[in-house]
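Asks: One predicted model, sequence on top.
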Amino acid sequence: MTQHLERLLPVLATIPGVNIPVSILQGIYIAASQRKIEQLEQALRYEVGLLNQKIEAGTLRLDHEYVKSEAFTTNVMQALRAAEIAESEDKLRFIARALAGCALSFPPPTLDKVQTMRIVEGMSGRELKVFVDYFQLLDPIDPYQDSLPVNTSATVAGLTRQEFLAALLGLQQLGLLSKETVPSRDEWADTGSGLAWKLTALARQVATLSRVGPEEE
């Protein structure tokens, strides 16, 4: 664990106000491979560099109090645990982006960053791909008010319809999608149902923290 932190802490320390002593996290075992930690470090270096540029430009706001808190230290540990089970470099990049996002201040409602990082940790590579690409199937202006028929024939690039539907069910279990009855639309005529997938408030938290979909900067 200490060796892993020795790679990540100098990167995190470039965020103004971050000062996490290694001693706080000693005794916690993380089994992520050296290769995964190296990939996470590279991704985090990129994301933190981008974040600092945007903070300096005034397009993002640093949460000065949060980065000094124990909660932010918890986020770092969560990111390391997530890296432990990440099955792809794309997932590691997403973890890095979400961890960097934990340093930011967002407008109300207040984000539960620890909860959000826990969801990020639990997402499989396929669920992550579908979550990110799902926004392309919705109204870009307000995807949270839009929906997709449960019996949709849609999918995302690289996945069969069955793989796509299985990922949607996984996202539902994680609390990112819900099934709701919505007014039928003409394009739903062949689905035979007014039941649809809708993004949840928790999905908005994940998208905001990782800056995907309409939240992307």
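Replies: That came through, no problem.

Asks: and the longest helix for this protein?
Replies: Longest helix in the chain, counting residues (DSSP state H): helix 34-57.

Asks: Output the contacting helices and strands for that helix.
Replies: helix 2-12, helix 70-85, helix 89-101 (3 or more CB pairs under 8 Å, 6 or more residues apart in numbering; DSSP states H and E). For every residue, glycine as well, the C-beta is placed using N, CA and C.

Asks: The ones you listed: lowest mean pLDDT?
Replies: Ranked by mean pLDDT, the helices and strands packed on helix 34-57 bottom out at helix 2-12, with a mean of 76.

Asks: shaky segments in the protein?
Replies: Screening the chain residue by residue with the criterion pLDDT under 70, one finds the ranges 1-5, 24-32, 184-193, 214-217.

Asks: on that earlier part again, contacts for the longest helix of the chain, please.
Replies: Helix 34-57 is contacted by residues 4, 7-8, 11-12, 14-16, 32, 60-62, 79-80, 83-84, 86, 89, 92-93, 95-97, 99-101, 103-104, 217 when judged by CB atoms under 8 Å, 6 or more residues apart in numbering.

Asks: And stretch 118-132, what's buried?
Replies: Neighbour-count burial for stretch 118-132 flags 118-121, 123-124, 126-132 (criterion: 16 or more other CB atoms under 10 Å).

Asks: is it true that residue 150 touches residue 196?
Replies: Yes: using CB atoms under 8 Å as the test, residue 150 is close enough to residue 196 to be in contact (6.1 Å).

Asks: Am I right that residue 199 is in contact with residue 177?
Replies: Yes: under the contact definition of CB under 8 Å, residue 199 touches residue 177, with a separation of 6.4 Å.

Asks: Got phi/psi on residue 177?
Replies: Comment: the main-chain dihedrals of residue 177 come out as phi -130, psi 150, following degrees, to the nearest 10.

Asks: neighbours around residue 157, how many?
Replies: Using other CB atoms under 10 Å, residue 157 has 7 neighbouring residues.

Asks: and what of residue 175?
Replies: Neighbour count of residue 175, defined by other CB under 10 Å: 16.

Asks: Using the three-state scheme, assign it.
Replies: Of the three states, residue 175 takes coil under DSSP: H, G, I helix; E, B strand; the rest coil.

Asks: who touches it in this structure?
Replies: The contact partners of residue 175, by CB under 8 Å, 6+ apart, come to 119, 200, 202, 203.

Asks: Return the distance of the last one relative to residue 176.
Replies: Separation of residue 203 from residue 176 (CB to CB, to the nearest Å): 4 Å.

Asks: Now list whatever residues contact both of these two.
Replies: With CB under 8 Å, 6+ apart applied, the overlap between the contact sets of residue 203 and residue 176 consists of residue 131.

Asks: before we move on, back to that, between residue 150 and residue 196, what contacts are shared?
Replies: Taking CB under 8 Å, 6+ apart as the contact rule, residue 150 and residue 196 both touch residue 179.

Asks: quick one, which of the two is more surrounded?
Replies: Of the pair residue 150 and residue 196, residue 196 is the one with more neighbours under other CB under 10 Å, namely 23 against 16.
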